[in-house]
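**Q** fold the following, please.
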Amino acid sequence: MALEITAILAGTVAAATPLIFAGLGELVTQRTGVINLGVEGMMLVGAIAGFAFAAQYDASVLSALLMGGLAGMLMALIFAFFTLSLSTNQSACGLALTIFGLGISAFLGQNYVSMALPGLANFNIPLLADIPVLGPILFQQNYVVYLSILIFFLVWFVLAKTRLGLLLKAVGESPESAHAMGYHVLAIRYGAVLFGGLMAGVGGAFLSTVYTPMWIENMVAGRGWIAIALVVFAVWKPTRLMLGAYLFGGVTILQFHAQALGIKVPNELLAALPYIATIVVLVMISRNKRVLKMNLPSSLGKTFVP
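**A** Residues are numbered from 1 along each chain as shown. Modelled structure (predicted):
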């Protein structure tokens, strides 16, 4: 039983990694007052771009992740052009981006359905990997997992400790005031949206090249929507988002170990657990209107025209 629980916790860390990438990117985007509902589509395009690049050119995982990130940024650029430059509705454009991502990834991935990649071996951190229980969970992971933790600390530091973080928050709270002070609001929002696309693309590429190193149509399987829900769950705070990602990662990985733990639940219900948890969490958070009001960026979803 102890070994099974250790395996679940170790799997939780890996399963949470794409949620951390995509969630942090969306958090930064929303901090500037832009809500991008196209995370699912950006992750799918990043997944097929990273997989195709690795398969065609026998590229390294790092190169595939970068290619996935660039593909996600391209999708985000399309979204930014319509919502920021043309001032169209952000929610509608985000949904359209997801639909487009679903279609284009399925089309581009037709020739890769039966292919698989070697994946990425876990990296054991010397000495720390030998610690009982904690070693296999935290210190015997692949380097992309550690990269996600590094990105978390960078995002947290920028938002909490730097002038750039204050500027991002100021644009999200009152773009009119930031514009009056001489800041280029649209340029700042463009940068945040592109960063969100980069992170979503990397998260998608991680899924297709590391986590399950093969291409399956619609393999993101709703993780983009969960990442958006995580931002609300975290009330736009990176630390809470990180914890939420591991919570959802644990729910996701539990379905694969349920039978071994002796939990007799229909497979269909187990597969639905992450999405049920998402709904429950959102309902619980939405009931606390005071916390939402205190942390919600005031201009979220609102068009700004200089």
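**Q** drop to CA atoms for contacts and neighbour counts, all remaining ones
**A** Noted.
**Q** show me the shaky parts of the stretch 101-250 of the chain.
**A** The stretch 101-250 of the chain contains no residues with pLDDT under 70.
**Q** run the last query once more with 90
**A** 114-115, 119-140, 221, 233, 247-250 (pLDDT under 90).
**Q** which strands and helices sit next to the biggest helix by length in the chain?
**A** Longest helix of the chain, by residue count under DSSP state H: helix 2-31. The contact analysis (3 or more CA pairs under 8 Å, 6 or more residues apart in numbering; DSSP states H and E) places helix 2-31 against helix 39-57, helix 134-138, helix 143-161, helix 163-173, helix 185-206, helix 223-233, helix 238-257.
**Q** check which helices and strands the following helix or strand past the last one sits against.
**A** Scanning forward in sequence from helix 238-257, with DSSP states H and E defining helices and strands, the next element found is helix 267-287. The criterion is 3+ CA pairs under 8 Å, 6+ apart, and the helices and strands that helix 267-287 contacts are helix 223-233, helix 238-257.
**Q** show the average pLDDT along helix 267-287.
**A** Mean per-residue pLDDT for helix 267-287: 76.
**Q** between it and helix 238-257, how many degrees?
**A** Counting by axes from the mean of the first three to the mean of the last three CA atoms, to 10 degrees, helix 267-287 lies at 160 degrees to helix 238-257.
**Q** okay if I get the helices and strands packed on helix 2-31 as CSV plus mean neighbour count and distance to Thr6?
**A** Converted to CSV, these look like this (neighbours: other CA atoms under 10 Å; distance: least, CA to CA, whole Å):
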stretch, mean neighbour count, distance to Thr6
helix 39-57, 29, 28
helix 134-138, 19, 7
helix 143-161, 17, 17
helix 163-173, 20, 37
helix 185-206, 28, 23
helix 223-233, 25, 24
helix 238-257, 21, 11
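**Q** any chance of those helices in TSV, with distance to Val281 too?
**A** As requested, the helices and strands packed on helix 2-31 are exported to TSV (distance: least, CA to CA, whole Å):
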stretch	distance to Val281
helix 39-57	19
helix 134-138	25
helix 143-161	22
helix 163-173	24
helix 185-206	22
helix 223-233	7
helix 238-257	10
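**Q** out of these, which is closest to Ser85?
**A** helix 185-206 (7.9 Å; CA to CA).
**Q** elements contacting that closest one?
**A** When contacts are defined as 3+ CA pairs under 8 Å, 6+ apart, helix 185-206 packs onto helix 2-31, helix 39-57, helix 61-80, helix 163-173, helix 175-180.
**Q** how about 10 Å then?
**A** Helix 185-206 is packed against helix 2-31, helix 39-57, helix 61-80, helix 143-161, helix 163-173, helix 175-180, helix 223-233, with contacts defined by 3 or more CA pairs under 10 Å, 6 or more residues apart in numbering; DSSP states H and E.
**Q** CSV please, covering the ones you listed and showing distance to Ser208.
**A** Compiled in CSV, the helices and strands packed on helix 185-206 are given as follows (distance: least, CA to CA, whole Å):
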stretch, distance to Ser208
helix 2-31, 11
helix 39-57, 5
helix 61-80, 10
helix 143-161, 13
helix 163-173, 32
helix 175-180, 38
helix 223-233, 13
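**Q** of those helices, which is nearest Val210?
**A** Among the helices and strands packed on helix 185-206, helix 61-80 sits nearest to Val210 (CA to CA), with 7.5 Å.
**Q** pull the CA atoms of that closest one into PDB?
**A** Output of helix 61-80 as PDB, limited to C-alpha atoms (Å, rounded to 0.1, in the frame of the first residue of the first chain):
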ATOM      1  CA  VAL A  61      12.600  17.100 -26.000                       C
ATOM      2  CA  LEU A  62      13.800  20.700 -25.300                       C
ATOM      3  CA  SER A  63      13.600  21.600 -29.000                       C
ATOM      4  CA  ALA A  64      10.100  20.100 -29.200                       C
ATOM      5  CA  LEU A  65       9.000  22.000 -26.200                       C
ATOM      6  CA  LEU A  66      10.300  25.300 -27.800                       C
ATOM      7  CA  MET A  67       8.500  24.400 -31.000                       C
ATOM      8  CA  GLY A  68       5.300  23.700 -29.100                       C
ATOM      9  CA  GLY A  69       5.700  27.000 -27.300                       C
ATOM     10  CA  LEU A  70       6.200  28.900 -30.500                       C
ATOM     11  CA  ALA A  71       3.100  27.300 -32.000                       C
ATOM     12  CA  GLY A  72       1.100  28.300 -28.900                       C
ATOM     13  CA  MET A  73       2.400  31.900 -29.200                       C
ATOM     14  CA  LEU A  74       1.300  32.000 -32.800                       C
ATOM     15  CA  MET A  75      -2.200  31.000 -31.800                       C
ATOM     16  CA  ALA A  76      -2.100  33.600 -29.000                       C
ATOM     17  CA  LEU A  77      -1.000  36.200 -31.500                       C
ATOM     18  CA  ILE A  78      -4.100  35.500 -33.600                       C
ATOM     19  CA  PHE A  79      -6.200  35.900 -30.500                       C
ATOM     20  CA  ALA A  80      -4.400  39.200 -29.500                       C
END
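**Q** right, I'll leave it there.
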